[in-house]
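> Quick one, structure for this:
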Amino acid sequence: MSTPTTAATGGKGKNDSAKFAGSFAPSFTVNVSKSTTNGAAVPAQGGGRAHPEASLPAPEFTSPADVRNYCNALRALMVGISFEVSMGAEIMKGVLSTVPDPEGRIGGSKVRAWRVARKLTKAADSAAAAAKNAAACYAKFQQEYEEEINRVKHRARRPQGPRMDWARQ
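Numbers count the residues shown, from 1 in each chain. As a prediction, the model looks like this:
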């Protein structure tokens with residue numbers, strides 16, 4: 001007994017491979033919603049993503065740990081954004097290259113797509129450069145303030161031997 005879909009398509013299934021042979025359409029969704037509770041941003045439920053400023057700690061540089069945490073969070077955020085934007089550029093290039101060239105030039109559609117997607121590629125490169133500069137910022141901080149950091153480290157050290165710290169796991 002045949003189902004109505006197989007009878008209507010001549011015995012072939014709903015996902016006939018010949019029907020989709022020359023197309024590429026990525027499927028993804030982006031949910032951008034957030035709720036606030038007492039003025040603090042709360043990421044949306046269901047896989048939504050909070051705004052980028054919620055991903056960074058507060059810029060209160062009162063200790064070397066604050067500087068390290070801020071630089072590491074910025075680096076991690078920008079690396080992720082770099083990957084996402086780079087992927088977006090490649091998808092855009094693939095989708096736009098399927099649009100026919102209005103003048104009928106050979107390869108014209110791919111050239112136009114490359115010129116448009118190049119701007120997103122540059123944005124991805126800039127995000128990667130921001131990640132590198134965030135890491136370099138912390139390294140420079142350690143270099144410039146080495147004396148102060150070491151002075152506090154030596155003062156805080158106890159003359160006894162190493163001991164187990166069970167709280168740090």
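> Contacts only, for the closest residue in space to Thr121 that isn't next to it in sequence.
In space, and not counting its chain neighbours, Thr121 is closest to Ala89: 4.6 Å by Cβ to Cβ, 6 or more residues apart in numbering. C-beta coordinates here come from the backbone N, C-alpha and C atoms, glycine included. Residues in contact with Ala89 (Cβ atoms under 8 Å, 6 or more residues apart in numbering) are 117-118, 120-121, 123-124.
> Might you specify the subset of these located within helices?
In this view, these that belong to helices under DSSP state H are 117-118, 120-121, 123-124.
> and those residues, which are buried?
Buried members of these, counted by 16 or more other Cβ atoms under 10 Å: 117, 120-121, 123-124.
> tell me the SS of Arg105?
Here Arg105 is recorded as coil under DSSP: H, G, I helix; E, B strand; the rest coil.
> Show me the strands in this structure, by range?
With strands called from DSSP state E, the chain shows them at 34-37, 40-43.
> Provide the backbone phi and psi angles at Pro59.
With angles defined as degrees, to the nearest 10, Pro59 sits at phi -80, psi 60.
> before we move on, the earlier item: what would the ones in helices among the contacts of Ala89 look like in TSV with pLDDT?
Listed next are those as TSV, based on pLDDT from 0 to 100:
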residue	pLDDT
Ala117	94
Arg118	95
Leu120	95
Thr121	95
Ala123	96
Ala124	96
